[in-house]
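1. model the following, please.
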Amino acid sequence: MRRPVTYAACHTVVDMSSVFRLPCDQAAIRAGKVDEACARAREPWILAASILGSSMAFIDGMIVNLALPRIQSELDATLADAQWIVESYALFLAALILVGGSLGDRYGRRRVFVLGIALFAVASAWCGAAPSVGHLIAARALQGVGGAMLVPGSLALLSASFPADRRGRAIGTWSGFTAISTGLGPILGGWLVESFSWRWAFYVNLPVAALVVAIALWRVPESRDESATGGLDYLGAALSVVGLGALVLGLIEAGTRPFGDPLVWAPALLGIVCLTLFVRHERRTSSPMLSLDLFRSRDFSGANLLTLFLYSALSAVFFFLPFNLIQVQGYTPSQAGAAMTPSILITFILSPIAGRIMDRFGGRLPLTVGPLVAAAGYAMLANAGRGGSYWTTFLPAILVFGAGMAIAVAPLTTVVMGSVSEARAGLASGVNNAVSRTAGLLAIAVMSVVVAGAFNGSLDDRLSTLKLTPRTMAAIDAQRPNLAAAQPPESVAPALAAQIETAVDDAFVDAFNRVAWIAAALAGLSGVSAFLTIGRVES
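-> Next up is the predicted model:
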């Protein structure tokens, strides 16, 4: 007969073999029934599961962006298709991440985290095997559902398992190691895409998911909000999905159609109506997925306003930068992945330091300075131009905005988690993640309209000097939705084809520079908002 599990082995002087054999129940620890040393022995495992789970979701986004030019070519996808490959994932992640946080608080953070990892893995396998763009977009949507369960759970597990005096350092460590794994991910992903297939950008998730599930079930204690009551807000979830989805559809269509077209204004109007009804519903329902009373905290509101601006800038730049590097600058996928890695490496180096500064001085200073430094980096990126050495064009800008993000990320997370009670950690994490994902979702859609307009205007100016025939112009116009992937007509002479290719490349660089300048403005606004709203948060 199996012996009942006890906690007698956890004494002041700990037998480490016993610690690693016996679970340390968090509720028992808080009740004083288990020695603190036993809880501390669990902390590295909790960190490992949280870091690996989060990294899987973050790496996936980076690798997919690198794989998009190859996917666009092999699956004969338009730019709108490429947007939906990203946006379908971001849509369900942004719209359901609040539900994911609530599920964890009510039914067990570890349980929901593990289920999210498993669903993400299944969807990744579907993505890798997708025979068409439609399958890939649907699989990415399912990935978003899994991500909505695992992303808030990773930080909620940290907040529930670490005491206040070590929480900032733990989140800083999480941020740093997540950054280094995310930094290595694009290099690995670029190599897989280049050497094998873009499908391996998704298959690489499978062994990581298996490892995370094993650690979580073996060593991570369960935790939940014992005071959580009521059912899930299904109507709120539906309104958010339809509202965000319709708004994004209208914005994506606006990139290729006039604003008066019903396919532009009708979805956009439907999205605005649904999102308005969502806010109204959340105010009235007894069990909201978004508790608006969280925003009574000045720090919480300020941190989420900062998140909206800062992650809009980051998402827009990181969506269009791989197209610039691969389709215009001539980088291979692995070179493009390596080119973006320094920003992530510097985040790894600086994030733990930023976490300790946060523990000692509070969040206002780093959350003001960090975004302003990032803004300077985006402004530098807007002047990179076409051609030239990577070391003097892209690298300085990438290092600067990477440093800015490193200064801000760990303190931002700590402010969000520290501005609410521990029992609502999952919900707070979900809200902040929803804001960051919604920022990225909308930024890519809006910036796509900006890029299309800037690209077409610049291309018109450049082609006007080439004296092209109406037939040649019509062939080029048909290629405009592909932006930097647009090809000159086969019927033109090689010299003229080269001139058209140069015009296309230069027009895309002009459009990308517009994005970078807007990103600089958004990052600057995030720093100003932090200075005006966020005060000292005591640890």
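2. in whichever strand or helix holds residue 402, what's buried?
-> Residue 402 is part of helix 394-418, with elements assigned from DSSP states H and E. Within helix 394-418, the residues that count as buried by 16 or more other CB atoms under 10 Å are 394, 397-418. In this view, the C-beta of every residue, glycine as well, is placed from N, C-alpha and C.
3. just the strands from this structure, written as ranges.
-> Using DSSP state E, no strands are found in the chain.
4. now the helices for the stretch 201-350 of the chain?
-> 205-219, 234-254, 262-284, 298-323, 333-361 (DSSP state H, counting those that start in this stretch).
5. what helices or strands is the fourth one leaning on?
-> Identification of packing neighbours for helix 298-323 by 3 or more CB pairs under 8 Å, 6 or more residues apart in numbering; DSSP states H and E yields helix 36-74, helix 333-361, helix 364-381, helix 394-418, helix 425-463, helix 494-533.
6. pLDDT on the first one, on average?
-> For helix 36-74, the mean pLDDT works out to 76.
7. go on, the shortest one?
-> For helix 364-381, the per-residue pLDDT values average out at 91.
8. then it to PDB, C-alphas only?
-> Coordinates of each C-alpha in helix 364-381 appear next as PDB, following Å, rounded to 0.1, in the frame of the first residue of the first chain:
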ATOM      1  CA  ARG A 364       8.200  55.500 -12.000                       C
ATOM      2  CA  LEU A 365      11.800  56.200 -13.000                       C
ATOM      3  CA  PRO A 366      12.500  53.100 -15.100                       C
ATOM      4  CA  LEU A 367       9.100  53.200 -16.700                       C
ATOM      5  CA  THR A 368       9.700  56.800 -17.700                       C
ATOM      6  CA  VAL A 369      13.300  56.400 -18.900                       C
ATOM      7  CA  GLY A 370      12.900  53.000 -20.600                       C
ATOM      8  CA  PRO A 371      10.300  54.000 -23.200                       C
ATOM      9  CA  LEU A 372      12.100  57.200 -23.900                       C
ATOM     10  CA  VAL A 373      15.300  55.300 -24.700                       C
ATOM     11  CA  ALA A 374      13.200  52.900 -26.900                       C
ATOM     12  CA  ALA A 375      11.800  55.900 -28.700                       C
ATOM     13  CA  ALA A 376      15.300  57.100 -29.500                       C
ATOM     14  CA  GLY A 377      16.100  53.600 -30.900                       C
ATOM     15  CA  TYR A 378      13.000  53.600 -33.200                       C
ATOM     16  CA  ALA A 379      14.000  57.100 -34.500                       C
ATOM     17  CA  MET A 380      17.400  55.800 -35.300                       C
ATOM     18  CA  LEU A 381      15.900  52.800 -37.100                       C
END
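9. so that helix versus helix 298-323, what angle?
-> Angle, helix 364-381 to helix 298-323, by axes from the mean of the first three to the mean of the last three CA atoms, to 10 degrees: 20 degrees.
10. for residue 88, which residues are in contact?
-> 137, 138, 140, 141, 144 (CB atoms under 8 Å, 6 or more residues apart in numbering).
11. ok, so of these, who is nearest residue 280?
-> Checking the contacts of residue 88 against residue 280 with CB to CB, the nearest one is residue 144 at 25.1 Å.
12. my guess is the closest one contacts residue 87. True?
-> No: judged on CB atoms under 8 Å, residue 144 makes no contact with residue 87 at a distance of 9.6 Å.
13. what about these two, which has more around it?
-> Neighbour count, other CB atoms under 10 Å: between residue 144 and residue 87, residue 87 has more, with 29 against 26.
14. which non-adjacent residue is nearest that one?
-> Leaving aside its chain neighbours, residue 87 sits nearest to residue 248 (5.6 Å; criterion: CB to CB, 6 or more residues apart in numbering).
15. thought the one you found was touching residue 438?
-> No: with contact defined as CB under 8 Å, residue 248 does not reach residue 438; the gap is 10.1 Å.
16. which of those two has more neighbours?
-> residue 248 (26 against 22).
17. state the pLDDT value of that one.
-> For residue 248, the model assigns a pLDDT of 83.
18. still on that earlier bit, tell me the spacing between the residue nearest to residue 87 and residue 137.
-> Plainly put, residue 248 is 13 Å away from residue 137 if you go by CB to CB, to the nearest Å.
19. ditto for residue 242
-> Taken as CB to CB, the span from residue 242 to residue 137 is 17 Å.
20. for residue 396, same thing?
-> Residue 396 sits 36 Å away from residue 137 when distances are taken as CB to CB.
21. of the contacts of residue 88, which belong to helices?
-> 137, 138, 140, 141, 144 (DSSP state H).
22. mind putting those residues into JSON lines with distance to residue 259 and pLDDT?
-> As requested, those are arranged in JSON lines below (distance: CB to CB, whole Å; pLDDT from 0 to 100):
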{"residue": "137", "distance to residue 259": "25", "pLDDT": "93"}
{"residue": "138", "distance to residue 259": "29", "pLDDT": "93"}
{"residue": "140", "distance to residue 259": "28", "pLDDT": "94"}
{"residue": "141", "distance to residue 259": "27", "pLDDT": "91"}
{"residue": "144", "distance to residue 259": "28", "pLDDT": "89"}
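23. pull out the buried members of the residues you listed.
-> Of these, these count as buried by 16+ other CB under 10 Å: 137, 138, 140, 141, 144.
24. hang on, the fourth one packs against residue 90?
-> No: with contacts counted by CB under 8 Å, residue 141 stays clear of residue 90, the gap being 9.8 Å.
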